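Undergrad: sequence unknown, structure follows:
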């Protein structure tokens, strides 16, 4: 328990710094949009409804569910204060006076003075330990490795809504640090944690390199994912190995446009994590369903979609991959499947549902909106397609996510038959600006 938690009553949560400082969270807090605040905490941190209820206090799990679904709201000042204290949201973000626990040393949070990261493993002492280990590598201990792992996890949290180019240098520095430490480390327990850090950092670096290249640098991404697999096998961690395999499947499916290779990798992922993670197993099967859809294998696709739902029905907060789970994932991938199967009306239904849980300006949000635009275009519903595509472009302009960029331009190509229609003509100007900025 850190100093901030110790000064808060009940069962407080500590929201990751990257989430607390994200544009989505700041916007939701400024508007006192508690539905979105609760959604963000649930989706981005994997925190259960029960844990959120306990953090706020005097709140039932069912009420948390109702807030997330928009059935009930939060208006009372006393309840708002409990949310701020339970989630560790500085008072100013919610229009409240400074909370008592904000008196912790160095805890300042305003738009002009962002709150420093208060996690105990990434404080100044941690940085001093890392520097000491850099100069004296044989002194490396578990606490120093934990500090580096926390930095990598913070970078990973930022990946969903920030340009990958911004994060590559920091991640590369951490990978270099790991390589240096591994040369000297002989203790089993420290080696074990270094393997865990290597798997996490290499997986993230593969994602960043691929995304920053516009999903074209497949070779470099595969090198990092292979490194992550090797580290995970040394660690005997099937979930970490499965995540690296699944990321490699993405390269095959969306970059190399090789659905057969992507299918094989997705199936290997599901086999690797069997019995270890329903979250990752379900995600792997969803992407296997998408590969079947690319191959126009309708029955196999539908079968795998049903299998994925069965996995997601069994997800618990104890799942090692719980932070990767989002209720919108099934709708996102099912919508994509039906686009590949040329069933735009059915795709639209899933994608429209997915957008309801993804109003956060993330890279996934841009992909869903662009796919929804494609579903509208294929039904010749131009006004709706253009409106959704504008929203996707707004998001892509901020984070330059490779997946969103590709789909936005694909939608632009599919609008060519209507390029002389005024609303489409104006959209093309935005697309040209997007190219110019890139």
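TA: On my side now, so go ahead. In this text, all values refer to a predicted model and were calculated from it rather than measured experimentally.
Undergrad: from the middle of its chain, how far away would the helix ranked longest in the chain be?
TA: Looking across the chain with DSSP state H, the single longest helix is helix 188-212. Helix 188-212 sits 16 Å away from the centroid of its parent chain (CA atoms, centre = their mean, to the nearest Å).
Undergrad: give the other helices and strands that it contacts.
TA: Counting contacts by 3 or more CB pairs under 8 Å, 6 or more residues apart in numbering; DSSP states H and E, helix 188-212 is packed against helix 142-159, helix 164-184, helix 218-235, helix 238-250, helix 402-414. The way it works is simple: take the backbone N, C-alpha and C, and place the C-beta from them, glycine included.
Undergrad: got the residue ranges for the strands in this structure?
TA: Counting by DSSP state E, the chain forms no strands at all.
Undergrad: give me the most central residue, it.
TA: The centroid of the chain falls nearest to residue 160 when counting by CA atoms, centre = their mean (4.6 Å).
Undergrad: just say which of the helices and strands packed on helix 188-212 is most tucked in.
TA: Burial of the helices and strands packed on helix 188-212 is given as mean neighbour count (mean count of other CB atoms under 10 Å); helix 238-250 ranks first at a mean of 25.
Undergrad: could you point out where the stretch 251-400 of the chain is predicted with low confidence?
TA: Scanning the stretch 251-400 of the chain for pLDDT under 70 picks out 359-360.
Undergrad: so the closest residue to residue 153 other than its chain neighbours versus residue 150, what's the distance?
TA: In space, and not counting its chain neighbours, residue 153 is closest to residue 200: 6.9 Å by CB to CB, 6 or more residues apart in numbering. Distance of residue 200 to residue 150, computed by CB to CB, to the nearest Å: 10 Å.
Undergrad: what's the overlap in contacts for those two?
TA: The overlap between the contact sets of residue 200 and residue 150 (CB atoms under 8 Å, 6 or more residues apart in numbering) is empty.
Undergrad: can you point out the buried residues in the longest helix of the chain?
TA: 190-212 (16 or more other CB atoms under 10 Å).
Undergrad: also stretch 18-36?
TA: Of all the residues in stretch 18-36, those buried under the rule 16+ other CB under 10 Å are 18-22, 24-25, 28-29, 32-36.
Undergrad: thinking again about what came up before, next, the contact list for the nearest residue to the residue nearest to the centre of the chain once chain neighbours are set aside, please.
TA: Leaving aside its chain neighbours, residue 160 sits nearest to residue 362 (4.5 Å; criterion: CB to CB, 6+ apart). By CB under 8 Å, 6+ apart, the contact list for residue 362 reads 24, 160, 161, 395, 399.
Undergrad: what number of residues lie near the third one?
TA: It stands for residue 161. The tally of other residues near residue 161 (other CB atoms under 10 Å) stands at 23.
Undergrad: ok, residue 401 touching residue 212?
TA: No. In this structure residue 401 lies outside contact range of residue 212 using CB atoms under 8 Å: 9.7 Å.
Undergrad: overlap of the contact sets of the two?
TA: residue 164.
Undergrad: my guess is residue 102 contacts residue 89. True?
TA: No. The pair residue 102 / residue 89 is not scored as a contact, 10.2 Å apart, by CB under 8 Å.
Undergrad: between these two, which one's more packed in?
TA: Neighbour comparison, residue 102 and residue 89: the larger count goes to residue 89, with 23 against 18 (by other CB under 10 Å).
Undergrad: for residue 63, see how far away that one is.
TA: From residue 89 to residue 63 the distance is 18 Å (CB to CB).
Undergrad: now residue 403, nearest residue through space, not along the chain?
TA: residue 367 is the one closest to residue 403 (CB to CB, 6+ apart), at 4.9 Å.
Undergrad: OK, contacts around the one you found?
TA: Contact partners of residue 367, counting by CB under 8 Å, 6+ apart, are 332, 401, 403, 404, 407.
Undergrad: neighbours of the closest residue to the fourth one other than its chain neighbours, how many?
TA: What that stands for is residue 404. Closest residue in space to residue 404, ignoring its immediate chain neighbours: residue 366 at 3.2 Å, by CB to CB, 6+ apart. By other CB under 10 Å, the residues close to residue 366 number 28.
Undergrad: quickly note the distance from residue 366 to residue 375.
TA: In terms of CB to CB, residue 366 sits 15 Å off from residue 375.
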